[in-house]
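Undergrad: Sequence unavailable; structure follows:
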């Protein structure tokens, strides 16, 4: 299996632009109408060739118009080679020029939309995709290839039955070979009556708007990240690119005499070896599992819950997080769904949510452990329903009065809790890379963490 390397960054590495005149029109394949666009890609490559091992997105204008792709997929390193109006046969035709030269770690394909509009049969579309796979696998036999399902749209709703059939045929084909994946974005784009959701589209009723791309990000990105983790046997090699990014420490310092939650073990440290006597320095450290900035694993409140050393906990502790500022909006000292404002719509399955209240400014004061704001049961239920991966807060616990109930609701859903974060005010609202990974303490309920975020260098 090809080694997959990730470049963690939150800024754009490439500004992939193509002329706006290339619309998704359904023109037949086999002409030179995209030659100018392909030449522009090649010129950009001569100016700055993308690094090997990136994830390549290739397809029609649903990819071409995804202007925030690099940011949305961060920390995954991606290259966008969408060219509007293309059909599946065109992706095959230009593969030698806009796929194979990059030596990608994965390929993500969105084609078929214009094939359907051009009245190609589902069987023809599936056949063209098979030939595309054969072409790429001829150069890279083990490369993972993801097909993003052909989307429904209001302007092409009368063609939906053929679209469904093409998706069905390609979905079955992806099951025939190891490393072929089918990502279903079509089903979530339908309402509970099975009709396409118009609020996901621009005024042309064909191309996605910001909400549509947020939905796609919430579906596609976790699948790619999951494959990266699986392919690397649970060890993802991260590389920082300097000076484009910087690390923001979100952890309180740990020291003797630090504030400790009432009833928890105090932190203590004793030097057992010294440079002067022993030629090296070693300390004996004693602390509780919920000292300072720390995570709560499900075992904290659930006798049969996952412990900090398990993969179930580890996989949720690092990745993209959504920073939401609720400071100055709280009623009754509780964080309710209404306090999240428009950001509420941005919370999707697998997200990590960091709530900024400003409570870390009380750290070391007499009220830090007693008067902190809590997460309401209403918001808790919503986060469980959204199936988020992690919730991070500046408070020492999740609620002053309903802590047991809310802990159990979140932890029962596999949601990891990070408490006593700090410096969230150094982060802009929106998405960042976040990590709060615990030590591999076998069978334990929690662990102090060095929490941090990676953001664009200002």
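TA: That came in fine, so what should we check first? Small disclaimer: the values here were computed from a predicted structure and weren't measured.
Undergrad: Give me the contact list for the helix of greatest length in the chain.
TA: Longest helix in the chain, counting residues (DSSP state H): helix 210-231. Here helix 210-231 makes contact (CB atoms under 8 Å, 6 or more residues apart in numbering) with 1-2, 4, 6, 55, 66, 68, 72-73, 76, 106, 108, 144, 146, 148, 181, 183-185, 188-189, 199-201, 208, 236, 315, 319-320, 345-346, 348-351. For the C-beta atoms, the positions are set from N, CA and C on the backbone; glycine is no exception.
Undergrad: 7 Å instead?
TA: Residues from elsewhere that reach helix 210-231 (CB atoms under 7 Å, 6 or more residues apart in numbering): 1, 4, 6, 55, 66, 68, 72-73, 76, 106, 144, 146, 148, 181, 183, 185, 188, 199-201, 208, 236, 315, 319, 346, 348-350.
Undergrad: So residue 355, which state does it fall into?
TA: Classification of residue 355 using DSSP: H, G, I helix; E, B strand; the rest coil returns strand.
Undergrad: Please apply the same query to residue 320.
TA: Residue 320 is classified as strand under three-state DSSP.
Undergrad: How confident was the prediction at the spatially closest residue to it that is not a sequence neighbour?
TA: Closest residue to residue 320 apart from its sequence neighbours, by CB to CB, 6 or more residues apart in numbering: residue 431 at 5.5 Å. Residue 431 is assigned a pLDDT of 90 by the prediction.
Undergrad: Pairing partners for residue 431 in the sheet, please.
TA: Residue 431 has these beta-bridge partners by DSSP bridges: residue 322.
Undergrad: what about the strands in the stretch 201-350 of the chain?
TA: Along the stretch 201-350 of the chain, counting by DSSP state E, counting those that start in this stretch, strands occupy 238-240, 245-249, 268-273, 282-286, 294-296, 318-325, 334-335.
Undergrad: Show the residue spans covered by the helices in the stretch 101-250 of the chain.
TA: 113-117, 122-139, 160-174, 210-231 (DSSP state H, counting those that start in this stretch).
Undergrad: Mean pLDDT lowest where, among those?
TA: helix 210-231 (a mean of 87).
Undergrad: From what I see, residue 167 and residue 148 are in contact.
TA: No - Residue 167 is beyond contact range of residue 148, at 10.1 Å (criterion: CB atoms under 7 Å).
Undergrad: and the nearest residue to residue 145 once chain neighbours are set aside, how many neighbours does it have?
TA: Sequence neighbours aside, residue 107 is the residue nearest to residue 145 in space, at 4.8 Å (criterion: CB to CB, 6+ apart). Close neighbours of residue 107, defined as other CB atoms under 10 Å, add up to 26.
Undergrad: Just list the residues touching residue 107, thanks.
TA: 56, 58, 99, 136, 143, 145.
Undergrad: Can I get the residues you listed in a markdown table including neighbour count and distance to residue 172?
TA: Below are the contacts of residue 107 laid out as a markdown table (neighbours: other CB atoms under 10 Å; distance: CB to CB, whole Å):
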| residue | neighbour count | distance to residue 172 |
| --- | --- | --- |
| 56 | 23 | 24 |
| 58 | 26 | 22 |
| 99 | 25 | 23 |
| 136 | 22 | 19 |
| 143 | 20 | 20 |
| 145 | 22 | 15 |
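Undergrad: number of nearby residues for residue 279?
TA: 8.
Undergrad: Same check on residue 90?
TA: 27.
Undergrad: Can you say which helix or strand has it in it?
TA: Using DSSP states H and E, residue 90 maps to helix 88-93.
Undergrad: contacts for that helix?
TA: 29-30, 34, 58-59, 109, 111-112, 115, 125, 128-129, 131-132, 135.
Undergrad: tally of neighbours for residue 178?
TA: 7.
Undergrad: what about it, distance to residue 355?
TA: Remark: distance between residue 178 and residue 355 (CB to CB, to the nearest Å) = 41 Å.
Undergrad: can you check residue 195 too?
TA: Using CB to CB, residue 195 is found at 35 Å from residue 355.
Undergrad: Neighbour count for these two, which is higher?
TA: More crowded of residue 195 and residue 355, by other CB under 10 Å: residue 355, with 25 against 13.
Undergrad: quick one: contacts for the more buried one?
TA: Residue 355 makes contacts with 324, 326, 335, 393, as judged by CB under 7 Å, 6+ apart.
Undergrad: and the nearest residue to residue 318 once chain neighbours are set aside, how many neighbours?
TA: Nearest residue to residue 318 in three dimensions, chain neighbours excluded: residue 435, at 4.1 Å (CB to CB, 6+ apart). Residues near residue 435, counting by other CB under 10 Å, number 19.
Undergrad: so residue 435 touches residue 452, yeah?
TA: Yes - contact criterion CB under 7 Å: residue 435 and residue 452 qualify, at 5.8 Å.
Undergrad: what's residue 155 in contact with, if anything?
TA: Per CB under 7 Å, 6+ apart, neighbours of residue 155: 204-206.
Undergrad: I misspoke; the intended subject was residue 387.
TA: Contacts for residue 387 (CB under 7 Å, 6+ apart) come out as 349-350.
Undergrad: how much space between it and residue 145?
TA: 27 Å.
Undergrad: Report how many residues lie close to the residue lying closest to residue 156 once chain neighbours are set aside.
TA: Nearest residue to residue 156, sequence neighbours excluded (CB to CB, 6+ apart): residue 117, at 6.2 Å. Residues lying near residue 117 (other CB under 10 Å) number 21.
Undergrad: Kindly report the same for residue 141.
TA: Neighbours around residue 141, by other CB under 10 Å: 9.
Undergrad: Kindly report the same for residue 371.
TA: Using other CB under 10 Å, residue 371 has 13 neighbouring residues.
Undergrad: ok, it - contacts?
TA: Counted by CB under 7 Å, 6+ apart, residue 371 has zero contacts.
Undergrad: and it, how far is that from residue 395?
TA: Remark: distance between residue 371 and residue 395 (CB to CB) = 10 Å.
Undergrad: swap in residue 251?
TA: Using CB to CB, one gets 15 Å for the distance from residue 251 to residue 395.
Undergrad: Of these two, which one has the most company?
TA: For residue 251 versus residue 395, neighbours defined as other CB under 10 Å are more numerous around residue 395 (23 against 19).
Undergrad: Thought residue 419 was touching that one, still the case?
TA: Yes - between residue 395 and residue 419 there is a contact at 6.5 Å, judged by CB under 7 Å.
Undergrad: Quick check: end-to-end length of stretch 406-420?
TA: In terms of CA to CA, to the nearest Å, the two terminal residues of stretch 406-420 are separated by 17 Å.
Undergrad: And the helices in the stretch 351-458 of the chain?
TA: Using DSSP H, counting those that start in this stretch, helices in the stretch 351-458 of the chain cover 377-386, 403-412.
Undergrad: Pull the residues that contact the last one.
TA: By that I understand helix 403-412. 296, 298, 300-302, 305, 375, 377, 380, 384, 391, 397-399, 417.
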